[in-house]
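In: what's the 3D shape of this:
(chains A and B)
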Amino acid sequence: MTGKNMIKRLLALLLLASIGAMFASLLLAYVPDTDLNFTARYYAEHTAADIGAANIVTAIIVTYRGLDTLGEVTVLFLASGIVGLVLSFGRKQNTTLRNLVPVGELLTTASQYLAPIIMLLGVYVFVNGHLTPGGGFQGGAIIASGMLLLLLSDPLKRFSHTLIATVESFSGVGYIALGLVGLVLAGGFLDSRILPNGVLGELISAGAIPLIYSLIGLKVGAEFSSMLTSLSETEDL
Amino acid sequence: MVYIAMATGFLLILIGFYGALTNRNLLRMIVAFSIADTGINLVIISVGYLPGRTAPILDTTVTAAAAAARIIDPVPQALVLTAIVIGVGVTALMLAYTLKLYEKKRTLDIAKFTELKW
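Out: Sure thing, here's the model as predicted:
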């Protein structure tokens, strides 16, 4: 190791030591609350009556802070769009495909059986987002992991970009449309009370939350899948 | 318990920063950033933990009336859910740019990219 590298490493360690000292003072001064703070108390006391969702985190994400979630989905959409743009820029057409090592019988067969079940689990997770620890983002990620398994077992597999783009556009437009319906029929943009709250803990309850979260799940799944396909289609390095 | 989780989170942040500062390979830097990201999420989650309470999901044991006395703070969990998803988007972007940089220079060593250096 040369002297210049030594100095760089020393500076990095010095910086880390000072950040570590800050973290240590934070950690030593931290006293866990014994009671919920004002905001959390409001959510705990009012979610069941106002929103009807058993999972309070879901009520916060979909209804109370719905606009932030729309922003989050937009950021994800931009990220997947930019990944596609950056990777497609200057891509050679009709490149000769590499000869890949065969992936093996085990992975091929297992992925054929497992991929549909994984996607079904993803759908289950986002449909039950208002009842169980889960929701659109988790379900969408599970669906995309099924796509990843298919891509791992056959790296040259090509998914239909039109299908992914269609699912993404329709769920995105549906999400905004439901938000606008809330503006007319309920308290404001993305208000989930456009449908009756129903009985707490049942599948069809919590107003429009299952609908909104399913659309978010489809959109997130499509966005992750489009990132994965964009990355997998650049195998001509 | 909460101190262990928080200390682990801070430690993961430091490990991630150390990796990002000392590694010259772009892929290793991305891995380091992901580790730091995980650490930050762990710290935020541990802030919302209250001793002796359960997850913010209502059912027959945690009734709506008793929720305020039985559940932990749901707000940090909602924040971390957002942070995880955005983290995936950021990682995908970093990977895409790395692919492009490799295509251009056929190297992953960040010291070889000197265009913006002064």
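In: Excluding chain neighbours, what is closest to residue B:64?
Out: Excluding its sequence neighbours, the residue lying closest to residue B:64 (C-beta to C-beta, 6 or more residues apart in numbering or on different chains) is residue A:48, at 3.4 Å. For every residue, glycine as well, the C-beta is placed using N, CA and C.
In: Per-residue pLDDT of the one you found, please?
Out: pLDDT, residue A:48: 78.
In: Please apply the same query to residue A:25.
Out: Taking residue A:25 on its own, its pLDDT is 90.
In: what's it sitting at in phi/psi?
Out: For residue A:25, the backbone dihedrals (degrees, to the nearest 10) come out as phi -70, psi -40.
In: surely residue A:61 meets residue A:130?
Out: No. Assessed by C-beta atoms under 8 Å, residue A:61 is found out of contact with residue A:130, at 10.2 Å.
In: The two: who's more crowded?
Out: Legend: neighbour count by other C-beta atoms under 10 Å in any protein chain shown for residue A:61 and residue A:130, higher for residue A:130 (32 against 29).
In: which residues sit against the helix or strand of chain B with the lowest mean pLDDT?
Out: Least confident element among the helices and strands of chain B, by mean pLDDT, DSSP states H and E: helix B:67-70 (a mean of 77). Outside helix B:67-70, the residues that touch it by C-beta atoms under 8 Å, 6 or more residues apart in numbering or on different chains are A:36, A:41, A:44, A:45, A:47, A:48, A:56, B:53, B:54, B:56, B:58, B:62.
In: any chance you could map the strands in chain A?
Out: Counting by DSSP state E, no segments of chain A form strands.
In: quick one: low-confidence ranges for it?
Out: By pLDDT under 70, the low-scoring segments of chain A are A:1, A:90-100, A:235-237.
In: Can you give the domain ranges for it?
Out: Using automatic domain parsing, the domains assigned to chain A come out as A:1-31, A:36-88+A:104-232.
In: can you give me the helices for chain A?
Out: In chain A, the segments counted as helices under DSSP state H are A:3-29, A:38-50, A:56-59, A:66-88, A:105-127, A:136-153, A:161-185, A:209-232.
In: contacting residues around residue A:2?
Out: Residue A:2 is in contact with no residue at all, counting by C-beta under 8 Å, 6+ apart.
In: now do 10 Å
Out: Taking C-beta atoms under 10 Å, 6 or more residues apart in numbering or on different chains, we find residue A:2 in contact with residue A:8.
In: Report the central residue of chain A.
Out: The centroid of chain A falls nearest to residue A:137 when counting by C-alpha atoms, centre = their mean (3.3 Å).
In: number of nearby residues for residue B:92?
Out: Other residues close to residue B:92 by other C-beta under 10 Å number 22.
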